[in-house]
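[1] Quick one, structure for this:
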Amino acid sequence: MAAPRKSLRRATLSGDANNVADLRHTIRYETRLRGWSPHTATHSSAPASEPSPDDVASSVDTGVVTTAPSPRERIVGSLLAGAIGDALGAPIEFHSIDSIRAQFGLDGLTEYAPAYGRIGAITDDTQMTLFTAEGLLRARARAVDGGLVDHVEVMRLAYLRWLATQGQRVDDPMWGSEYLDSGWLVGVRELHSQRAPGSTCLGALISGGTGRPAHPTNTSKGCGGVMRMAPAGVLGADAFALGADFAAITHGHPSGFLASGAFATMTAELFTGRSLPGAIDGALAELQSAPESDETLRALDAAVALASSGTPPTPEAVESLGGGWVAEEALAIGVYCALVAPDLRAGLLLAVNHSGDSDSTGAITGNLLGALHGVGALPIDWLAELELADVIELVGEDLASAFVDDTPVDTGRYPPY
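    Okay, here's the model as predicted:
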């Protein structure tokens, strides 16, 4: 059995490979053929099964056909690629494409730029994605422990812990204040940083986070729900319903929570190895049976039509789908960019270079492409400078261990409430 490998980021920074190209070669073949080893190195994922036509993946760097990434590699890749997209978009969120081109040239932004005092800074999108993963793991721990599980209540508490990292502590009538300080994630010092958190998320959570699809607390369809929902794909057949429920905690408009459920369905399909068009079809099927889904269906239909139209993929094409400030537009832009991307790097750059919510559309595109291609496809130069890459990787590993390998959740790290 091969010796356990270090994390991607640590291997990059410690010089384990002679150069980035050598390390990328190592990662591509070791992770896809042997399985990805977590920080704890307690186990490796099982080798990928014999690939079907849908399950054969092309290397985004060389075009070499390799065996498909494992579910573990897809989950970890989705979280990391989403964070990379978030970090790429962070410095140009709120900027017009004209101002982006004026600052960075005709091609727009092509590498990380400084944001929040550093290169590779994540925003509230990735912060809340991590706390979504935490809520999933805590609910899993409670279920395995034999307790009754209200997934939405567990997720609400996870989001209130995120709110505490933003300087707002809400003492819940049932749970008091002790729940705010439990678990390991809330103790990550770097997460206690305000990165332009959405006013809708803040307001809904300060008021208690009691929103549900049938009893919304507001009428917002902002993208703050969909941007954080990629991890919910580990729920499989329940991803659509629970993804919508989790988003409705903060966003009460049907398009706000249904787009989130659709996104969770897409990552659920991709985690199992389905093609991107197949994953989109799965989400469309869920939406077609949901009331008040017309707006989200139209947005996704427009994204698919644009991707198949032969129109050159440009910022102007992206902007024809909207600015991404609302949920259905953000998801449509993410889907379009993922569909037309020749590789992960190009897809992320397309997703952030437009006059809109660049970090959210970058995050969604990254979540999709990371789930599609797996962790071996991530650009190592971007991964090396990504803030909290080790934390994000570890959370992805924990999700895969619990939901793919059926390994018991560490309740010291993820208490069951």
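
[2] pretty sure L235 is touching L242, no?
    Yes: contact criterion Cβ atoms under 8 Å: L235 and L242 qualify, at 5.5 Å. Quick note: C-beta positions are derived from backbone N, CA and C, even for glycine.

[3] Need the residues touching each of those two.
    Residues touching both L235 and L242 by Cβ atoms under 8 Å, 6 or more residues apart in numbering: A264.

[4] Helix or strand next in line after whichever helix or strand V154 is part of, which one?
    Element membership of V154 [criterion: DSSP states H and E] is helix 151-165. Using DSSP H and E, the helix or strand that directly follows helix 151-165 along the chain is helix 199-206.

[5] tilt between that following helix and helix 151-165?
    110 degrees (axes from the mean of the first three to the mean of the last three Cα atoms, to 10 degrees).

[6] Report all helices and strands that helix 199-206 contacts.
    Using 3 or more Cβ pairs under 8 Å, 6 or more residues apart in numbering; DSSP states H and E, the elements in contact with helix 199-206 are helix 151-165.

[7] Which residues does the helix it packs on contact?
    127-128, 131-132, 134-136, 138-139, 142, 169-170, 172, 175, 179-183, 185-186, 191-193, 201-202, 205-206, 209-210, 212, 242, 245-246, 249-250, 417.

[8] Narrow the residues you listed to those that are buried.
    Buried by 16 or more other Cβ atoms under 10 Å: 127-128, 131-132, 134-136, 138-139, 142, 170, 172, 175, 179-180, 182-183, 185-186, 191, 193, 201-202, 205, 209, 242, 245-246, 249-250, 417, out of those.

[9] where in the stretch 51-200 of the chain is pLDDT low?
    51-66, 145-147 (pLDDT under 70).

[10] repeat that with 90
    51-67, 142-149, 170-181 (pLDDT under 90).

[11] Next up, the contacts around the closest residue to G167 other than its chain neighbours.
    If the residues on either side of it in the chain are set aside, G167 comes closest to Q194, at 7.2 Å by Cβ to Cβ, 6 or more residues apart in numbering. Residues counted as contacts of Q194 (Cβ under 8 Å, 6+ apart) are 124, 166-167.

[12] What distance do you get for E269 to L386?
    26 Å (Cβ to Cβ, to the nearest Å).

[13] Where do the helices of the stretch 1-150 of the chain begin and end?
    8-14, 20-34, 71-89, 97-104, 124-144 (DSSP state H, counting those that start in this stretch).

[14] Using PyMOL, define a selection of the buried residues within the contacts of Q194.
    Buried members of the contacts of Q194, defined by 16+ other Cβ under 10 Å, are picked up in PyMOL with:
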select buried, resi 124+166
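
[15] For L349, state which of the contacts of Q194 is nearest.
    D124 (21.5 Å; Cβ to Cβ).

[16] what's near enough to touch the closest residue to the closest one other than its chain neighbours?
    Excluding its sequence neighbours, the residue lying closest to D124 (Cβ to Cβ, 6+ apart) is P197, at 4.3 Å. Going by Cβ under 8 Å, 6+ apart, P197 touches 124, 127, 166.

[17] What of V326?
    221-223, 255-256.

[18] That one pairs with what?
    As for beta bridges, V326 partners with G222 under DSSP bridges.

[19] any idea how far it is from D301?
    16 Å.

[20] circling back: I'd like the contacts of V326 as a markdown table, with neighbour count, pLDDT and distance to L106 appended.
    A markdown table is the format used below for the contacts of V326 (neighbours: other Cβ atoms under 10 Å; pLDDT from 0 to 100; distance: Cβ to Cβ, whole Å):
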| residue | neighbour count | pLDDT | distance to L106 |
| --- | --- | --- | --- |
| K221 | 26 | 97 | 34 |
| G222 | 23 | 97 | 31 |
| C223 | 34 | 98 | 28 |
| S255 | 26 | 98 | 34 |
| G256 | 30 | 98 | 35 |
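
[21] okay if I get those residues as a markdown table plus distance to V375?
    A markdown table is the format used below for the contacts of V326 (distance: Cβ to Cβ, whole Å):
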| residue | distance to V375 |
| --- | --- |
| K221 | 32 |
| G222 | 30 |
| C223 | 25 |
| S255 | 32 |
| G256 | 30 |
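
[22] and which of those is nearest N353?
    C223 (17.4 Å).

[23] Nearest to T361 among the contacts of P197?
    D124 (14.4 Å).

[24] Return the residues in contact with the closest one.
    194-198, 201.

[25] swap the cut-off to 7 Å and go again
    The neighbours of D124, taking Cβ atoms under 7 Å, 6 or more residues apart in numbering as the test, are 195-198.

[26] now these: which count as buried?
    195, 197-198.

[27] Put together CSV for the residues you listed, with distance to L297 on each row.
    As requested, those are exported to CSV (distance: Cβ to Cβ, whole Å):
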residue, distance to L297
R195, 32
P197, 29
G198, 24
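
[28] closest to G108 among the residues you listed?
    R195 (21.6 Å).

[29] just checking, the closest one touches Y116?
    Yes: here R195 reaches Y116: they are 6.0 Å apart, a contact under Cβ atoms under 7 Å.

[30] Start and end of stretch 230-244, how far apart?
    Stretch 230-244 has an end-to-end distance of 12 Å (Cα to Cα, to the nearest Å).

[31] mean confidence score for that stretch?
    Averaged across stretch 230-244, the pLDDT comes to 98.

[32] The chain should start at 41 in everything you say after this.
    All set: I'll call the first residue 41, so the last point we hit is now stretch 270-284.
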